[in-house]
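Trainee: below: sequence and its predicted model.
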Amino acid sequence: MMEKRCLFYIFIVIINLLPMIPMSIKGITGLAFICVSSVRSGFKGGMCTAGLLILINTICVIFGINVDYEYAVASMLLGSAAYIGTAYFIGGNTDKLTQRNEQLIREIEMRRKADAELREKIEILQSLMSALPTPICIKDLDGRYVGCNYAFGQWFGYNEEELTGKNVFDLMDADQAMVFNSMDQEILAKQTPQSVETATTFLDGTTRNVICSKAVISDEQGLPSGIVVVIHDITDQKEREKLKLNIIEEELIIDEMKKYDRIKTEFFMNISHELRTPLNVILGAIQLMELQLESSGTAHVEKLQKNIMSIKQNSLRLLRLVNNLLDVSKIEEHSSEIRCKNWNIVCLVEEIVLSVADYANIKGIRLEFDTEFEERLISCDEEKVERIMLNLLSNAIKFTPDGGRIFVSIGAQGDFVCIRVRDTGIGIPKEKQMQLFQRFCQVRPILTRTHEGSGIGLCLVKSLTELHGGSVTVESAEGVGTTFSVFLPVKVLQEHELYTANTVVNRMSFEKIQLEFSDIYSASESMLC
C-alpha cells in the first residue's frame, strides 16, 4: 500500500516538473490528483496531495521552471486555493461517507447476528411449543389459523399445514364456533386477555371440559396482528372433582344412615321399654286379680277396681303407641288422607282445651285459653286437628312441673291461623330443637328420662300439620318453658257443611282423651293395689 502511494506521489512530481507540459494542464492534472487522493485516502490524503502540488509550484516559481512571471503569483494563489478547496471538500465528504459506510457495515453485521439469534430462538420456541402437551394455536385478524403445535393438531385431527387457512367453523359445530368467534372479536376490540371455561363438543361427537385462554398479538407499531389461543383440558380434573363430590355425598349418606341406625336403635330400646312396662303392669294386675278372686268376701272389690283401672290405662298406652306408629307409617307411605270440612277453629280448639282441663288440675297446672277473634272458619280435618292439639297439650302437661302454667292462644298471621301452646315447663336444649320433629327423637335418653313417651308424637304433629298445608315451629329455653306454634292456612270450602260448637261437644269422647293422655299418671296411680 505504501509503495503504491510513493509511486503515486513520484508520478505527481514528475508531471509537474516537466517543462514541456503547460501550466493549465498541470493545474487540471493537479486537481485530478487531489480528487483521486481524497477519494482513496480521505481528507488527509487530499490535503497531502494539495500540499505537495503547492510545494512543487513554489519550487517551479523559484527556479523558473516553465513559469509565466506575469501571472505567476496569481496563478500560484488561485491554484493553491483550488487545490486546498478541492481537497477539503472532496476529502471531508469522503471521510463522512467512509464513516457512514463503516457504520452501515456495523449495523448490517449486527442485524445479521440479531436475525441469526432470532431464527435460533424461533426454532427453539417452535420446538418447545410442539413438545408441549397443551394445545396452542395462532390466528390472524380474520380468524384463520396461521400456526399451531402438535397437540392442537391432534385434538382436531389435522397437522399444521392442513390446519393453516381454516377457521373455527371448520373444527366444531356452528353454535360453539359462534361463541369462540365472538370471544375473538371482543378480545380484538378490548385488547385484553380473556379466559372462559366451557364444555366443547368436537366434530367427532366427543365433549371435553376446557379453559380457553386468548390474548392479542401486537406488531412493532403496537397494532393487533393476531390472536394466540391456549387450551387447557380440565376434563380429568372435573371428573376427579365429581368423584370427590360423590364420595363426600356417599360419606354424608353413610353418616346419615349411621345416625338413623342409632336413632332407630334408641327407638327400639324405647319401644321395648314402652311395651314392657304396661305389659308387666297388666300381667301383674291379672295375677293379683286371680288371687283375689280365689279369696272369699267383698273386701277386695276396691283393689280389683284399681287393678282394672291400671290394666285399662296401660292397655290404652299400648293402643296409643300402636296408633301413632300406624299413622306415621301411613304418612310416610303417602297413604294417609285428610277429610276437610269447614270448622270454626276457635270453638274447636277451645273445646279440646276444656276437655283436658282435669288432667292439668290433677298436677295443679293452670290451663288458660285466649283468642284474638271469636270466630274464624277454616277448612280442616277435625280429627287430625284434635290429634295435633292433644299431642301438644299432653307434652305440655307431661313436662310442666306441678303448679306451672299452660297458655293456649289463637291469632292471625297473614293467610294463616296461628295456634300457640306455651308452657312453663323444663324447656328443651337448643341443640335438640332441630331434631325435635324427627321420627323417634327423644330429648332425653331412655335411661335418664323421667317421663313416658315413644318420641313419635311431635313427628306426628308436624306431619299432620303439613298435610293441611301448614307448618309447626318451636321456641324453647331450658328452665323457662317451651312454645309450639301451629300455622294452618285460612281456606274455606263453600260446598261443605259448617260444624258448630255443639257438634264438637257431642262428638268429643272421653275415651279418645283417655287414649291420648294414657302416659300421664302419677307414680301412685301406676302401682298395683
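Mentor: Cool, the structure landed.

Trainee: all strands of the stretch 351-500 of the chain, in order?
Mentor: Remark: strands of the stretch 351-500 of the chain, listed N- to C-terminal, are 366-371, 377-380, 405-413, 416-423, 471-477, 481-489, 498-499; assignment by DSSP state E, counting those that start in this stretch.

Trainee: got the CA positions of the fifth one in PDB?
Mentor: Provided in PDB are the C-alpha atoms of strand 471-477 (Å, rounded to 0.1, in the frame of the first residue of the first chain):
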ATOM      1  CA  SER A 471     -96.200 -25.700  59.400                       C
ATOM      2  CA  VAL A 472     -95.100 -26.000  63.100                       C
ATOM      3  CA  THR A 473     -92.300 -24.200  64.900                       C
ATOM      4  CA  VAL A 474     -90.800 -24.400  68.400                       C
ATOM      5  CA  GLU A 475     -89.200 -21.900  70.700                       C
ATOM      6  CA  SER A 476     -87.700 -23.000  74.000                       C
ATOM      7  CA  ALA A 477     -85.200 -22.200  76.700                       C
END
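
Trainee: packing partners for that strand?
Mentor: When contacts are defined as 3 or more Cβ pairs under 8 Å, 6 or more residues apart in numbering; DSSP states H and E, strand 471-477 packs onto helix 430-433, helix 457-467, strand 481-489. To be clear about C-beta, it is placed using only N, CA and C from the backbone, and glycine gets the same treatment.

Trainee: which neighbours does it have in its sheet, and in what orientation?
Mentor: Sheet pairing of strand 471-477 (DSSP bridges) gives strand 481-489 (antiparallel).

Trainee: before we move on, the earlier item: confidence-wise, which of the strands of the stretch 351-500 of the chain is weakest overall?
Mentor: Set side by side, the strands of the stretch 351-500 of the chain give their lowest mean pLDDT on strand 498-499, at a mean of 47.

Trainee: pLDDT weak spots in the stretch 51-200 of the chain?
Mentor: When the per-residue scores of the stretch 51-200 of the chain are filtered using pLDDT under 70, the ranges that remain are 52-95, 122.

Trainee: change it to 50
Mentor: Applying pLDDT under 50 to the stretch 51-200 of the chain picks out residues 70-72, 74.

Trainee: in it, which spans are helices?
Mentor: Remark: helices assigned in the stretch 51-200 of the chain by DSSP state H, counting those that start in this stretch are 72-131, 150-156, 160-163, 174-190.

Trainee: ok so, going back, the strands of the stretch 351-500 of the chain: which one's closest to Pro133?
Mentor: Distances from Pro133 to each of the strands of the stretch 351-500 of the chain were compared using Cβ to Cβ; the minimum, 56.6 Å, belongs to strand 471-477.

Trainee: any residues touching that closest one, and which ones?
Mentor: With Cβ atoms under 8 Å, 6 or more residues apart in numbering as the contact definition, strand 471-477 has outside contacts at 427-428, 430, 433, 436-437, 461-462, 465, 482-487.

Trainee: over to Gln221: give its phi and psi.
Mentor: Its backbone dihedrals place Gln221 at phi -90, psi 0, with angles given as degrees, to the nearest 10.

Trainee: Leu252 too?
Mentor: phi -60, psi -40.

Trainee: count the residues that sit near it.
Mentor: For Leu252, the count of nearby residues is 10 (other Cβ atoms under 10 Å).

Trainee: again, but for the one 10 residues further on
Mentor: The number of residues packed around Arg262, counting by other Cβ under 10 Å, is 10.

Trainee: again, but for Leu488
Mentor: Leu488 is flanked by 22 other residues according to other Cβ under 10 Å.

Trainee: list the contacts for it?
Mentor: Ile345, Ile378, Cys380, Val385, Phe416, Val417, Ile419, Thr465, His468, Gly469, Gly470.

Trainee: buried residues, the strand ranked longest in the chain. List them.
Mentor: In the chain, taking DSSP state E as the definition, the longest strand is strand 207-218. With burial defined by 16 or more other Cβ atoms under 10 Å, the residues of strand 207-218 counted as buried are Arg208, Asn209, Val210, Cys212, Ser213, Lys214, Val216.

Trainee: and the end-to-end length of stretch 227-241?
Mentor: Across stretch 227-241, the straight-line distance between its terminal residues is 31 Å, by Cα to Cα, to the nearest Å.

Trainee: contacts made by that stretch with the rest, please.
Mentor: Among residues not part of stretch 227-241, those counted as contacts by Cβ under 8 Å, 6+ apart are 134-139, 152, 155, 184, 187-188, 197, 208-217.

Trainee: show me the shaky parts of the stretch 301-450 of the chain.
Mentor: Judged by pLDDT under 50, the stretches of the stretch 301-450 of the chain that qualify are 445-450.

Trainee: quick one, helices of it?
Mentor: Under the criterion DSSP H, counting those that start in this stretch, helices of the stretch 301-450 of the chain are mapped to 301-332, 345-355, 357-362, 382-399, 430-433.

Trainee: highest mean neighbour count out of those helices?
Mentor: helix 382-399 (a mean of 22; mean count of other Cβ atoms under 10 Å).

Trainee: how far away is Pro135 from Ile211?
Mentor: With distances taken as Cβ to Cβ, to the nearest Å, Pro135 is found 11 Å from Ile211.

Trainee: any idea how many residues pack against Thr192?
Mentor: For Thr192, the count of nearby residues is 10 (other Cβ under 10 Å).

Trainee: for it, phi and psi?
Mentor: Dihedral angles (degrees, to the nearest 10) for Thr192: phi -130, psi 140.

Trainee: tell me which residues touch it, please.
Mentor: When contacts are taken as Cβ under 8 Å, 6+ apart, Thr192 is in contact with Val216.

Trainee: ok, now the one 4 residues further on?
Mentor: With contacts defined as Cβ under 8 Å, 6+ apart, the neighbours of Val196 are Met183, Ile211, Cys212.

Trainee: so what sits opposite it in the bridge?
Mentor: Legend: beta-bridge partners of Val196 under DSSP bridges are Cys212.

Trainee: any idea how far it lies from Asn209?
Mentor: Relative to Asn209, Val196 is positioned 12 Å away (Cβ to Cβ).

Trainee: then His468?
Mentor: His468 sits 47 Å away from Asn209, going by Cβ to Cβ.

Trainee: repeat for Leu279
Mentor: Applying Cβ to Cβ, one obtains 63 Å for the distance of Leu279 from Asn209.

Trainee: over to Phe369?
Mentor: From Phe369 to Asn209 the distance is 64 Å (Cβ to Cβ).

Trainee: what of Glu382?
Mentor: Remark: distance between Glu382 and Asn209 (Cβ to Cβ) = 58 Å.

Trainee: again, but for Ser315
Mentor: When Cβ to Cβ is the yardstick, Ser315 and Asn209 sit 66 Å from each other.
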